[in-house]
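K.L.:
I would like the atomic coordinates for the input below:
(4 chains, ligands or ions: 4)
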Protein chains: 2
Amino acid sequence: MSKATALHHDYETLLREAGVRITKQRQAILKIIADAADHPDAMEIYNRASALDASVSLPTVYRTMKTLEENGAIRRHTFEGGPSRFEHADSEHHDHLIDVDTGSVIEFTSPKIEALQREIAEELGYDIIHHRLEIYGKRRR
Amino acid sequence: MSKATALHHDYETLLREAGVRITKQRQAILKIIADAADHPDAMEIYNRASALDASVSLPTVYRTMKTLEENGAIRRHTFEGGPSRFEHADSEHHDHLIDVDTGSVIEFTSPKIEALQREIAEELGYDIIHHRLEIYGKRRR
DNA sequence: AATGCAGTTGAAAATCACTTGCAATTAGTT
DNA sequence: AACTAATTGCAAGTGATTTTCAACTGCATT
Ligand SMILES: [Mn+2]
Ligand SMILES: [Mn+2]
Ligand SMILES: [Zn+2]
Ligand SMILES: [Zn+2]
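P.N.:
Ligands and ions are numbered 1, 2, ... in the order given. The predicted structure follows:
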């Protein structure tokens, strides 16, 4: 059993049930998103989706990502310096380490850090809505 | 002895020694930065500096912030959704909690979280260049 | 299967936060 | 005071993303 393999990702049904119409452009974009195992940006999604359906436009990619985000299907990340990058929202929460030389993104989780954040927010009198932890590093050699 | 009071902040000397010319526009901007106890963005710095010297322009604010950043005098933060915000670089490292309702920024430090990040990077075979930890929260009521 | 229409589309223009080109100005050395 | 490279404001340019708008199309309803 592969832990990395994400399940169904039936974004089409999810959106349909949210009253969103499934156009052929959206079908192409949704397929790309469902199959993505990385953190592509809008232009990358546009390029991949264009191969499936040449009628997809960049504004529609942005609109679809926003719709998916509003419906909790995907998460948006804005790593330093670059455009927004997207990933499935149904994966377990994790944070990211970005290789500043290659730009590659490595995921990690730390229950301890998560707990410490809750303690800090608690002490300050806050409830955490969400947080962002990004480590920028260079591969050790 | 107030711990919050930051010291000298002689950005003028710092820049002068870096071979940067001190114009009257820069003097105004540097005074604003030196006196700032918050995390103002470029427009806010422009507004404050304009009150001291009406000849300050927004491009010069941006250029000066970039120069200060390149000389390690200030740090730039890009909190979710907003423009870059700046703060002194000579303060001890800390992370931020942003009140999503008011936009106010609260600073905090967690030696434990810092240590855990080093452990994580270590395990992944990376040296940390820098990191970003932002907690977005709502005041508990 | 045809109709109706609100939701959706692509293309072009707009926006936002910066950044840059350039001619005029000026800080700081000589 | 003269010199000259750094700096300035303004206008134009960028890059990512959003919006406008007229044409098109899902899809619920006949
Ligand atoms: Mn991820
Ligand atoms: Mn701070
Ligand atoms: Zn986390
Ligand atoms: Zn930190």
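K.L.:
Against which helices or strands is the lowest-mean-pLDDT helix or strand in chain A packed?
P.N.:
For chain A, counting by mean pLDDT, DSSP states H and E, helix A:11-17 ranks last in confidence among helices and strands (a mean of 93). For helix A:11-17, the packing partners by 3 or more C-beta pairs under 8 Å, 6 or more residues apart in numbering or on different chains; DSSP states H and E come out as helix A:24-35, helix A:58-70. Quick note: C-beta positions are derived from backbone N, CA and C, even for glycine.
K.L.:
ok, that helix near DNA strand D or not?
P.N.:
Yes: looking at helix A:11-17 against DNA strand D by C-beta under 7 Å from any atom of the strand, the contacts come from residue A:16.
K.L.:
Please point out which parts of that helix sit buried.
P.N.:
Neighbour counts over helix A:11-17 (16 or more other C-beta atoms under 10 Å in any protein chain shown) mark A:11, A:14, A:15 as buried.
K.L.:
Export only the CA atoms of that helix, formatted as PDB.
P.N.:
Only the C-alpha atoms of helix A:11-17 are listed here, as PDB (Å, rounded to 0.1, in the frame of the first residue of the first chain):
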ATOM      1  CA  TYR A  11     -13.200  17.200  -8.000                       C
ATOM      2  CA  GLU A  12     -15.900  17.100 -10.700                       C
ATOM      3  CA  THR A  13     -18.500  15.700  -8.300                       C
ATOM      4  CA  LEU A  14     -17.400  18.000  -5.500                       C
ATOM      5  CA  LEU A  15     -17.900  21.000  -7.700                       C
ATOM      6  CA  ARG A  16     -21.100  19.700  -9.300                       C
ATOM      7  CA  GLU A  17     -22.500  19.300  -5.800                       C
END
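K.L.:
How much space separates residue A:139 from ligand 3?
P.N.:
22 Å (C-beta to the ion, to the nearest Å).
K.L.:
Fine by me, we can end here.
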